[in-house]
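Novice: Fold the following and give me the result.
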Amino acid sequence: MDGFPAMSFLSSDTTIAIIIALGVFGLLSICLLIVTILGKRKKKKFDYNEFIEALGDLKNIESIDFKNSRLNIVVKDKKEINKEKLQDLGASAIIMTSKKVTLIMGVISEQICTYINNKLS
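Specialist: Model prediction:
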């Protein structure tokens, strides 16, 4: 191997295997670094009061229940609902009928439902 005189004692197959192993090690190191950095980011705490405001405040909420990742909310006036704010707060889908709003909120749906029901009672 003319290109690597210091490794002339190794066969070309061994040299290639070492280079590949170093490349894989480098990629794994970079991946581990990225995962560590992303894992250290603080997740923003969910703001329940901001969520209630986006629904037009408590006075606009007649009832709320959840099923899996979905919130079903009966409202008095759907014009009071701020869709953009709900999306900013994590709603991946918003379905509105005349008096009912269905939001896909993910794993936090149960906590939101419990919080709002406690506020309503």
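
Novice: Check the offset of the lowest-mean-pLDDT helix or strand in the chain from the chain's centre.
Specialist: With mean pLDDT, DSSP states H and E as the measure, the helix or strand of the chain carrying the lowest mean pLDDT is helix 12-40 (a mean of 84). On the basis of C-alpha atoms, centre = their mean, to the nearest Å, helix 12-40 sits 27 Å off its chain's mean C-alpha point.

Novice: Then residue 66 would be within a helix, right?
Specialist: No - counting by DSSP: H, G, I helix; E, B strand; the rest coil, residue 66 is located in no helix; its state is strand.

Novice: where are the low-confidence patches of the chain?
Specialist: Where the chain drops to pLDDT under 70, the residues are 1-10, 39-44.

Novice: show me where it has helices.
Specialist: Ranges of helices in the chain, per DSSP state H, are 12-40, 48-54, 83-88, 109-120.

Novice: Which one of these lies nearest to residue 103?
Specialist: With distances scored as C-beta to C-beta, the stretch of these nearest to residue 103 is helix 83-88 (6.4 Å). The C-beta positions use only the backbone N, C-alpha and C, and glycine is treated the same way.

Novice: From the rest of the structure, what touches that closest one?
Specialist: 50-51, 53-55, 94, 103 (C-beta atoms under 8 Å, 6 or more residues apart in numbering).

Novice: Burial check on residue 119, number of neighbours?
Specialist: Around residue 119 there are 13 other residues, counting by other C-beta atoms under 10 Å.
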